[in-house]
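**Student:** Structure for the following, please:
(one chain, ligands or ions: 1)
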Amino acid sequence: MGHADQSTNDQKAGNDHAVVPKSVPAVQPEGATCCSDNSADTKVKTLTCSLTGMAPLFTPIKIGSLQLTHRIIMAPLTRCRASPEGVPNTELAGTYYTQRTTKGGLIISEATNISRQATGHFCAPGIYTPAQVEAWKSITSAIQKKGGFIFLQLWHVGRGSHSKYQPDGRPPVGPSPIAIKEETSLPDGSLAPFEVPRELTLEEITAIVEDYRKATKNAFLAGFDGVEVHGANGYLIDQFLHDGSNQRKDKYGGSYENRARFLLEVVEAVQQTWIEAAGAGSPKAANVGLRLAPFGKYQDMSDSHEAELYGYVIPNLNRFNLAYLHVVEPRVIGSTAAGPEAVEVVHSLGKTYNGPWITAGGYRPDDANKTVMDAAHSDPPRAVAVAFGRLFIANPDLPLRIFLRAPLHHYNRATFYTHDAVGYTDQPFLAAGDIVEGVKELRVEQPDNQKLQNAIEGEIQLLKVQA
Ligand SMILES: Cc1cc2nc3c(=O)[nH]c(=O)nc-3n(C[C@H](O)[C@H](O)[C@H](O)COP(=O)(O)O)c2cc1C
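**Tutor:** I've put the predicted structure just below:
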């Protein structure tokens, strides 16, 4: 099975056994201006200097109602460890997620199916049955007990499914009868070509929006801190956005406005439902995010006017005041990404969006720090956090490793989508001795800076995770 893991280019993103380069310090010189602290509302109005001396990734950021202690976010990662019925394995997944929990850190869950129809991957979890909700409840509470936060990623794969996954055995659904020109894996593990999807009727589109509502309510009941709408990586929402997969002649096809209609209806329905569940006055009501992948090529995504499409979509999202917009950047040159001009377009589109921004895609600690720093100093200043995918799979204590500039363990692609603990909960933690040595090294960099010495101690307490 493949996923939008931008995995064909490991030269940039993978970089086996690399040690975090020392060129960007984990701590800044005393008094250095560092990062923005976004204001309580979702607009970044002020730029306040961080004087703690911490590197950009270790300055706080507000995401919805959550005050995060650092900006290293765990990206959504499909791992296929649930039951064939889509019930998360509370013990196995509970261990996996809590291993990666830090105090005040944010995890975005693996993509989670909003209905049976939404399903296209064997043993991916769902959020549409009482058993699934109960299982998730145990996982979210374990994360929160350790002081961490988790958003649920809401998923409908659309034409990325196969009749073998569909409740009625019919072909999967999509905006138009255009198949992905690739193969997919079936529940028995064999490969088969993607099928030509059935074009959704207007009534069916309304029913899917209703499924998003139900799933959102269930996510709230399961104790998630928030929800993220998956609008990236060639799944149903992305299929509606792009004219390579959407050739409809009705109000969901044609103009940018029409192709973005489904996305905006889903975001509105999810936000409305989440606010109703949390209570309009509750801070938690703010915790709805969205993930997009402009210029992503995964699962045959294409558009005749990609830049203009997102030029319409992104500013139109401002009215929702989302907790964040999460963008998979087209940074990696390979099968899933466009060239440098796409990177430029996405950067300028970032300036048209007013709220917190999570960026993802092939980041290493060094360029992640630089991205956060540059955004804080851009005009207008932007509050940016960075989601890490593959590095988080292989390094359960990733934030601590980045803080200490410790070596990063390399991931093993062969165990991304297998169904047991191997490659999942058995990934190595830094040894206690390495942590002590790492702290010592940081301390000697500025021995007279007492404030910094205290901050290092505080940070270690936040980031420490255990097997
Ligand atoms: C094993 C694997 C599973 C993934 N599953 C999801 C997913 O469920 N939802 C999603 O939006 N992206 C998914 N992605 C994409 C990642 O969230 C991320 O955008 C991508 O891996 C690039 O970031 P990285 O270079 O830090 O790994 C997945 C990637 C990998 C490697």
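**Student:** which element follows the lengthiest helix in the chain toward the C-terminus?
**Tutor:** In the chain, with assignment by DSSP state H, the single longest helix is helix 256-278. Once helix 256-278 ends, the next helix or strand along the chain (criterion: DSSP states H and E) is strand 288-292.
**Student:** so Asp211 touches Asn113, yeah?
**Tutor:** No. Using C-beta atoms under 8 Å, Asp211 is not in contact with Asn113, being 9.5 Å away. Using the backbone N, CA and C atoms, a C-beta is placed for each residue, glycine as well.
**Student:** Could you list every helix and strand in contact with the longest helix of the chain?
**Tutor:** Packing contacts for helix 256-278, counted by 3 or more C-beta pairs under 8 Å, 6 or more residues apart in numbering; DSSP states H and E, involve helix 202-221, strand 226-231, helix 236-241, strand 288-292, helix 306-316.
**Student:** Contacts made by the longest one with the rest, please.
**Tutor:** Put plainly, it is helix 202-221. Identification of contacts with helix 202-221 by C-beta atoms under 8 Å, 6 or more residues apart in numbering yields 112, 114-115, 117-118, 127-128, 132-133, 136-137, 152, 154, 156, 173, 200, 227, 229, 236, 250, 252, 262, 265-266, 269-270, 272-274, 277-278.
**Student:** Same question for the shortest one.
**Tutor:** Residues lying outside strand 288-292 but in contact with it, judged by C-beta under 8 Å, 6+ apart, are 63-64, 76, 108, 151, 153, 226-232, 238, 267, 270-271, 274, 310, 313-314, 317, 320, 322-328, 358.
**Student:** circling back to that earlier point, quick one: closest of the helices and strands packed on helix 256-278 to Lys146.
**Tutor:** Lys146 sits nearest to strand 226-231 of all the helices and strands packed on helix 256-278, at 17.3 Å, using C-beta to C-beta.
**Student:** and the closest one, average pLDDT?
**Tutor:** The pLDDT scores in strand 226-231 average 98.
**Student:** the inter-axis angle of it versus helix 202-221?
**Tutor:** Angle of strand 226-231 versus helix 202-221, following axes from the mean of the first three to the mean of the last three C-alpha atoms, to 10 degrees, is 150 degrees.
**Student:** Could you list the paired strands of strand 226-231 along with their orientation?
**Tutor:** The strands beside strand 226-231 in its sheet (DSSP bridges) come out as strand 149-155 (parallel), strand 288-292 (parallel).
**Student:** Residues contacting the first one, please?
**Tutor:** Same thing as strand 149-155. With C-beta under 8 Å, 6+ apart as the criterion, strand 149-155 contacts 66, 68, 76, 97, 104-114, 118, 124, 127, 136, 139-140, 143-144, 212, 215-216, 219, 222, 224-230, 235, 270, 287, 289, 291.
**Student:** redo that, cut-off 6 Å
**Tutor:** Here strand 149-155 makes contact (C-beta atoms under 6 Å, 6 or more residues apart in numbering) with 66, 76, 106-109, 111-114, 140, 143, 215, 219, 224-230.
**Student:** rewinding a little: separate out the buried members of the contacts of helix 202-221.
**Tutor:** Those of the contacts of helix 202-221 that meet the buried threshold are 112, 114-115, 117-118, 127-128, 132-133, 136-137, 152, 154, 156, 173, 200, 227, 229, 236, 252, 262, 265-266, 269-270, 273-274, 277-278, by 16 or more other C-beta atoms under 10 Å.
**Student:** Skipping adjacent residues, who's closest to Pro84 in space?
**Tutor:** Cys123 (6.1 Å; C-beta to C-beta, 6 or more residues apart in numbering).
**Student:** ugh, wrong one, Phe262
**Tutor:** Per C-beta to C-beta, 6+ apart, closest to Phe262 is Phe240, 4.2 Å.
**Student:** and what of Leu191?
**Tutor:** Glu183 (4.5 Å).
**Student:** same question, Leu200
**Tutor:** Val173 (5.1 Å).
**Student:** Quickly list what the one you found is bridged to.
**Tutor:** Arg198.
**Student:** My read is that it contacts Glu199, right?
**Tutor:** No. In this structure, Val173 is not within contact of Glu199 by C-beta atoms under 6 Å, at 7.9 Å.
**Student:** tally of neighbours for the residue in the stretch 301-450 of the chain positioned nearest to the ligand?
**Tutor:** Nearest residue of the stretch 301-450 of the chain to the ligand: Gly389, at 2.7 Å (C-beta to the nearest ligand atom). The local packing of Gly389 (other C-beta atoms under 10 Å) involves 23 other residues.
**Student:** That one - nearest residue in space that isn't next to it in sequence?
**Tutor:** Ala75 (3.9 Å).
**Student:** Next: Pro175.
**Tutor:** Asn246 (4.1 Å).
**Student:** and that neighbour, what are its phi and psi?
**Tutor:** Main-chain dihedrals, Asn246, degrees, to the nearest 10: phi -120, psi 110.
**Student:** ok, it to the ligand distance?
**Tutor:** Between Asn246 and the ligand the computed distance is 20 Å (C-beta to the nearest ligand atom, to the nearest Å).
**Student:** Tell me how many other residues crowd that residue.
**Tutor:** 22.
**Student:** ok, it - contacts?
**Tutor:** Contacts of Asn246 by C-beta under 6 Å, 6+ apart are 175-176, 240, 253, 259.
**Student:** for these, which one is nearest the ligand?
**Tutor:** Closest to the ligand, out of all of these and judged by C-beta to the nearest ligand atom, is Phe240, at 16.4 Å.
**Student:** Quick check, pLDDT for the closest one.
**Tutor:** 98.
**Student:** Could you count how many residues lie near it?
**Tutor:** 27.
**Student:** my guess is it meets Leu264, correct?
**Tutor:** No. Using C-beta under 6 Å, Phe240 makes no contact with Leu264, being 10.3 Å away.
**Student:** Alongside the ligand, which residues does the stretch 351-467 of the chain contribute?
**Tutor:** By C-beta under 6 Å from any ligand atom, the residues of the stretch 351-467 of the chain that approach the ligand are 360-363, 388-391, 416.
**Student:** So of those residues, which two are at opposite extremes in space?
**Tutor:** Tyr363 and Phe416 (18.1 Å).
**Student:** So between these two, which is more surrounded?
**Tutor:** Tyr363 (25 against 20).
**Student:** Checking my notes, that one in a strand, right?
**Tutor:** No. Tyr363: not assigned to a strand; according to DSSP: H, G, I helix; E, B strand; the rest coil it is coil.
**Student:** That one contacts Val386, doesn't it?
**Tutor:** Yes. Tyr363 lies in contact with Val386 (C-beta under 6 Å); the separation is 5.3 Å.
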